[in-house]
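Chemist: 3D model of this:
(one chain, ligands or ions: 1)
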Amino acid sequence: MIRVYNTLARALEPLETRAPGRVGLYVCGMTVYDYCHIGHARAMMAFDVVVRHLRRRGYAVDFVRNHTDVDDKIINRAAQSGVHPLQLSAQFIDELHHDLDTLGILRPTVAPQVSEHIPEVVAMVQRLIDRDHAYLASNGDVYFSIESFPRYGALSGKKIDDLRAGERVAVEQSKRHPGDFALWKSAAPGELGWDAPFGRGRPGWHIECSAMAARHLGDQFDIHGGGIDLVFPHHENEIAQSECASGHAPFARYWMHNGHLTLDSEKMSKSLGNIKRIRDIVHEVPAEALRLLYVDTHYRSPLPFSTEKLSDALAALDRVYLAKETVEEAVSRAGAGAPADTLNEAGRDVHRLASSFSARFDEAMDDDFNSAAAIGYFFELVRAINRFGNDKKARARGGGALLPAAEAFRVVSEVFGVGAMSPTAYFDEAKVKRLRAQGKDAADIDALVAARGAARAARDWARADQLRAELDAQGIAVMDSPEGSTWRVRVD
Ligand SMILES: [Zn+2]
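Modeler: You can find the predicted model right below:
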């Protein structure tokens, strides 16, 4: 049984979906006028992991995440660059797909955008006017009347009367109540707008999610998600619009919200301190390090981001791939391994932790997607595997202990998208990106390693040692094998 923390109930609740085995999930996406940064990625990651785990547990997930492509910020940015707003937003939808694909964030089942749902928006606004939940104001905007919906405030805990408290003298006088919000904003000739029975204009921000959720998931569905900053007013307004337009409640049964990402400025390195865009980070760090950083914190908790944390995640990811290498080596020699009862202590630890891993992982994730606990179990296993891998005798003899660990790696890559690469591909990528981050050139390192190889071949040990020390000082670890020497960039 999966339990979900429901913001609306302020409690953990068992997930009971409208249709057995099926989840309708709507997540508020991004306003597309700039590149994705680490704050956006947190929300996208949080729900990516939710979707992946629900699918692992056998649910068919209808996952809708919108793109807000009509918005004042887009219109202003487009005016500055002299392009049409929808051209600007189309460009940034492409950039968003590029960034999220790089992070391994699965694409939603449907990714609707408001410019393609204007008829649905207009119909919903008209229905709200017809049912006396909305009114056309003197300035040409259409507002939702929050006093027409007694349950207004149920999600955020705000009270309609309290929303008057901060009222200033000059607030928009065309509103009946200061908390009323725009469903439709009138557009002047030449401004981005669409014709409607209540005047030419464009959708207010909140109505798009109500209209697109209804179109793609129905008037009522299972889970609505988004960042904690969206609880009020965005999600509160979505509930009001949707329930008043359809006459059905609840609009969404469960409301899930991810915590804020903040910048921990004391732990930001100077060189990387300004890097907040996804593409800049994955230029210098494998994308899985960022995924690992995110899943290491429960989705509801605040996440203080720092470059120190990113380095820690990268070092941890190296340990994951070292362990995966050991596991793959053991699996390739399957059958030659010793039975579990003849193993040394590290081998017995691996066997015990790996055999129970899937059950413990699912238990943690079923408990409101507790990825922090689940990844903790995984690192217990990774540490045991690396202890085992460092013991050459055990490694040669006891490969059988590692067979259940292969399944643990499969589960973690399925749900977290961590450890999904081949170790060789990972270490190659990490090498290139670390050198790039340090402003070094792989060809220079290759040349030093080759020179050392030549010195060794010529039995010039002093020269070989000197070159090794030089590489070591540059943070390069050289591994010698009968096939030749390879190298990695150490993580310190
Ligand atoms: Zn929304």
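Chemist: pLDDT score for the closest residue to the ion within the stretch 201-350 of the chain?
Modeler: Closest to the ion within the stretch 201-350 of the chain is C209: 3.2 Å, counting by C-beta to the ion. No exception for glycine: its C-beta is placed from N, CA and C like everyone else's. Note for C209: predicted pLDDT of 98.
Chemist: show me what contacts it?
Modeler: Y26, C28, N66, H234, E238 (C-beta atoms under 8 Å, 6 or more residues apart in numbering).
Chemist: show me what from the stretch 101-250 of the chain comes close to the ion.
Modeler: Neighbours of the ion within the stretch 101-250 of the chain, by C-beta under 5 Å from the ion: C209.
Chemist: at 8 Å what do you get?
Modeler: Selection of the stretch 101-250 of the chain residues close to the ion by C-beta under 8 Å from the ion yields W205, H206, E208, C209, G226, L230, H234, H235, E238.
Chemist: let's verify the residue lying closest to N258 once chain neighbours are set aside: helix, strand, or coil?
Modeler: Once flanking residues are discounted, N258 sits nearest to A46: 3.9 Å by C-beta to C-beta, 6 or more residues apart in numbering. Classification of A46 using DSSP: H, G, I helix; E, B strand; the rest coil returns helix.
Chemist: let me see the contact set for A46.
Modeler: G225, N258, Y294, Y299.
Chemist: how much space separates E95 from C28?
Modeler: The gap separating E95 from C28 is 19 Å, by C-beta to C-beta, to the nearest Å.
Chemist: quick one: which of these two has more around it?
Modeler: For E95 and C28, the more surrounded residue by other C-beta atoms under 10 Å is C28, and the numbers stand at 23 against 17.
Chemist: quick check: that one touching V64?
Modeler: No. Under the criterion of C-beta atoms under 8 Å, C28 makes no contact with V64, lying 10.1 Å away.
Chemist: so where's the longest helix in this structure?
Modeler: Secondary structure of the chain per DSSP state H: the longest helix is helix 307-332.
Chemist: and it, what's buried?
Modeler: Neighbour-count burial for helix 307-332, with 16 or more other C-beta atoms under 10 Å as criterion, is recorded at 307, 309-314, 316-318, 320-328, 330-331.
Chemist: spatially nearest residue to G218, not counting backbone neighbours?
Modeler: Nearest non-adjacent residue to G218 (C-beta to C-beta, 6+ apart): G24, at 7.1 Å.
Chemist: same deal with G417?
Modeler: G104 (4.2 Å).
Chemist: that neighbour: which element?
Modeler: Assessed by DSSP states H and E, G104 sits outside every helix and strand.
Chemist: follow-up on the earlier one: centre of the chain versus the helix or strand just after the longest helix of the chain, how much separation?
Modeler: Next along the chain after helix 307-332, taking DSSP H and E as the criterion, comes helix 345-355. Mean C-alpha position of helix 345-355 versus that of the full chain (C-alpha atoms, centre = their mean, to the nearest Å) differs by 31 Å.
Chemist: other SSEs contacting helix 345-355?
Modeler: helix 371-390, helix 403-416 (3 or more C-beta pairs under 8 Å, 6 or more residues apart in numbering; DSSP states H and E).
Chemist: what's the closest of those helices to L128?
Modeler: helix 371-390 (38.9 Å; C-beta to C-beta).
Chemist: quick check: angle from the closest one to helix 403-416?
Modeler: 150 degrees (axes from the mean of the first three to the mean of the last three C-alpha atoms, to 10 degrees).
Chemist: and the helix or strand that helix 371-390 is followed by, what does it pack against?
Modeler: Going down the chain from helix 371-390, the next helix or strand is helix 392-397, by DSSP H and E. When contacts are defined as 3+ C-beta pairs under 8 Å, 6+ apart, helix 392-397 packs onto helix 307-332, helix 371-390.
Chemist: I'd like those laid out as a markdown table, including mean pLDDT.
Modeler: Listed next are these as a markdown table, based on pLDDT from 0 to 100:
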| stretch | mean pLDDT |
| --- | --- |
| helix 307-332 | 92 |
| helix 371-390 | 95 |
